[in-house]
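[1] Below is the sequence, then the predicted model.
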Amino acid sequence: VFLTAFFANKVEHESRHCNVKGLQRQGSSSFDRVYTANQNCGHAYPTFLAVLWCAGLLCSQAPAAFAGLMYLFVRQKYFVGYLGERTQSIPGYLFGKRIILFLFLMSVAGILNYYLVFFFGSDFEIHIKTITSAISPLLLIP
């Protein structure tokens, strides 16, 4: 919520600074960059929430929470990078994509474990939690 409020505040500040009325897209290039970065972050947020909740509920909460916090920091880096040149936002975008992939794979592992328990009675939850806990610090590698 604070991150979204920060992004919205930046858009509002830039619209006042550039004399843009009603968030029109015909403002200056700096307003266009702030507005586009805000829209990009807003469009990626539902996907992030879906995989975060699935990974936390179906697999392991601690690595999912760690990846979620990392994603918020990466989105901040993406937003600030987008305010400069657009090439500065690429590392934040790629890093965020990797975190979303990690959360998605955690979700898939949790779903597969559920079906293995349901159909075969084999529970690999401890192994999955160990693996995800060991892999989650690797998200810090740029």
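    Done, it's in.
[2] Where does the prediction get shaky in the chain?
    19-28, 86 (pLDDT under 70).
[3] Helices of that one, residue ranges please.
    Along the chain, the segments classed as helices by DSSP state H run 2-17, 29-58, 61-83, 90-120, 125-135.
[4] buried residues in the last one?
    It stands for helix 125-135. Under the neighbour-count criterion of 16 or more other CB atoms under 10 Å, helix 125-135 has 125, 128-129, 131-132 buried. To be clear about C-beta, it is placed using only N, CA and C from the backbone, and glycine gets the same treatment.
[5] from the residues you listed, which single one is nearest Y45?
    Distance from Y45 was checked for each of the buried residues of helix 125-135 by CB to CB. The minimum falls on T132, at 22.7 Å.
[6] Next one: the closest one from F120, what distance?
    21 Å (CB to CB, to the nearest Å).
[7] now I141
    I141 is 35 Å from F120, where distance means CB to CB.
[8] One more: R16?
    From R16 across to F120, the span is 61 Å (CB to CB).
[9] next one: Q76
    For Q76, the distance to F120 equals 43 Å [CB to CB].
[10] repeat for L49
    According to CB to CB, L49 and F120 sit 31 Å apart.
[11] ok, back up a step: please work out which of the helices of the chain is packed deepest.
    helix 61-83 (a mean of 18; mean count of other CB atoms under 10 Å).
[12] Off-centre distance for it?
    Its chain's average C-alpha position is 5 Å from that of helix 61-83, according to CA atoms, centre = their mean, to the nearest Å.
[13] If you compare the directions of that helix and helix 29-58, what angle comes out?
    Calculated by axes from the mean of the first three to the mean of the last three CA atoms, to 10 degrees, helix 61-83 forms an angle of 170 degrees with helix 29-58.
[14] Convert the C-alpha atoms of helix 61-83 to PDB, please.
    The C-alpha coordinates for helix 61-83 follow below in PDB (Å, rounded to 0.1, in the frame of the first residue of the first chain):
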ATOM      1  CA  GLN A  61       5.400 -19.100   4.000                       C
ATOM      2  CA  ALA A  62       8.900 -17.900   4.900                       C
ATOM      3  CA  PRO A  63      10.500 -18.200   1.400                       C
ATOM      4  CA  ALA A  64       7.300 -16.700  -0.100                       C
ATOM      5  CA  ALA A  65       7.400 -13.800   2.300                       C
ATOM      6  CA  PHE A  66      11.100 -13.200   1.600                       C
ATOM      7  CA  ALA A  67      10.500 -13.300  -2.200                       C
ATOM      8  CA  GLY A  68       7.500 -10.900  -1.700                       C
ATOM      9  CA  LEU A  69       9.600  -8.400   0.200                       C
ATOM     10  CA  MET A  70      12.300  -8.700  -2.500                       C
ATOM     11  CA  TYR A  71       9.700  -8.100  -5.200                       C
ATOM     12  CA  LEU A  72       8.600  -4.800  -3.500                       C
ATOM     13  CA  PHE A  73      12.200  -3.600  -3.400                       C
ATOM     14  CA  VAL A  74      12.700  -4.600  -7.000                       C
ATOM     15  CA  ARG A  75       9.500  -2.700  -8.100                       C
ATOM     16  CA  GLN A  76      10.800   0.400  -6.300                       C
ATOM     17  CA  LYS A  77      14.100   0.000  -8.300                       C
ATOM     18  CA  TYR A  78      12.200  -0.500 -11.500                       C
ATOM     19  CA  PHE A  79      10.100   2.600 -10.900                       C
ATOM     20  CA  VAL A  80      13.000   4.900 -10.000                       C
ATOM     21  CA  GLY A  81      15.000   3.500 -12.900                       C
ATOM     22  CA  TYR A  82      12.100   4.200 -15.300                       C
ATOM     23  CA  LEU A  83      12.200   7.900 -14.100                       C
END
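[15] Kind regards, and thank you for your time.
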